[in-house]
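**Student:** After the sequence you'll find the predicted model.
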Amino acid sequence: MAFVATRGAGNLLVLNQSSVVRSCPQQSLQPAEFARFIVLSTPLRGLELVLKPRRGQTRWYLGSDSGADFTISDATLHPSHLIIEQSGEEWILSCHRDCWGFFVNDEPLETAVIEHGDRLRIGRHELVFVGAKGLPELDDEAVHSSWWSRLFHRAS
């Protein structure tokens, strides 16, 4: 389980049970017009992957192939490693059938329903999911309060 706490200078610390995992500006984790992932790990720290639909688009691909919606050139990623799908108000992640999965909040998975503030680890990269406007802003009490109730499908 991860926890979020504010540190001086407006930075937000994403913590696991024993240590600081990553730090990023708190204002970047607030909801915006479109849902997005923010990269927390170097060398791409701060990069935003905005899930802005084109002509009714509800599915995006993240991988190492230049044909993916979001391309990260990295040998640890399958060419179309992650499928990101919006189904109504839910955001669903699934991995390509030929790849080795991903982690959400340190849980190894092949499919997951994610929520605002969830951490994703794919290959060597760690990202945080930020929902669209209309969601409450992150605060110390609301962050991750419903982690236990999420629908997760454990990797087999």
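**Tutor:** Good, I have the coordinates.

**Student:** Show the pLDDT at T76.
**Tutor:** Note for T76: predicted pLDDT of 88.

**Student:** What of D140?
**Tutor:** With respect to pLDDT, D140 scores 40.

**Student:** quick one: low-confidence ranges for this protein?
**Tutor:** Residues of the chain meeting the criterion pLDDT under 70: 1-30, 134-156.

**Student:** Specify the strand with the largest residue count in it.
**Tutor:** For the chain, the strand that runs over the most residues, judged by DSSP state E, is strand 107-114.

**Student:** tell me which residues in that strand are buried?
**Tutor:** 107, 109-112, 114 (16 or more other CB atoms under 10 Å). For every residue, glycine as well, the C-beta is placed using N, CA and C.

**Student:** Helix or strand next in line after that strand, which one?
**Tutor:** Later in the chain than strand 107-114, the nearest helix or strand by DSSP states H and E is strand 119-122.

**Student:** from what I can see F129 touches L40, true?
**Tutor:** No. Counting by CB atoms under 8 Å, F129 does not reach L40; the two are 11.1 Å apart.

**Student:** and for the two, which residues touch both?
**Tutor:** The contact sets of F129 and L40 overlap at R119 (CB atoms under 8 Å, 6 or more residues apart in numbering).

**Student:** Show me what the spatially closest residue to L120 that is not a sequence neighbour is bridged to.
**Tutor:** Excluding its sequence neighbours, the residue lying closest to L120 (CB to CB, 6 or more residues apart in numbering) is L127, at 4.7 Å. Taking DSSP bridges as the rule, L127 bridges to V39, L120.
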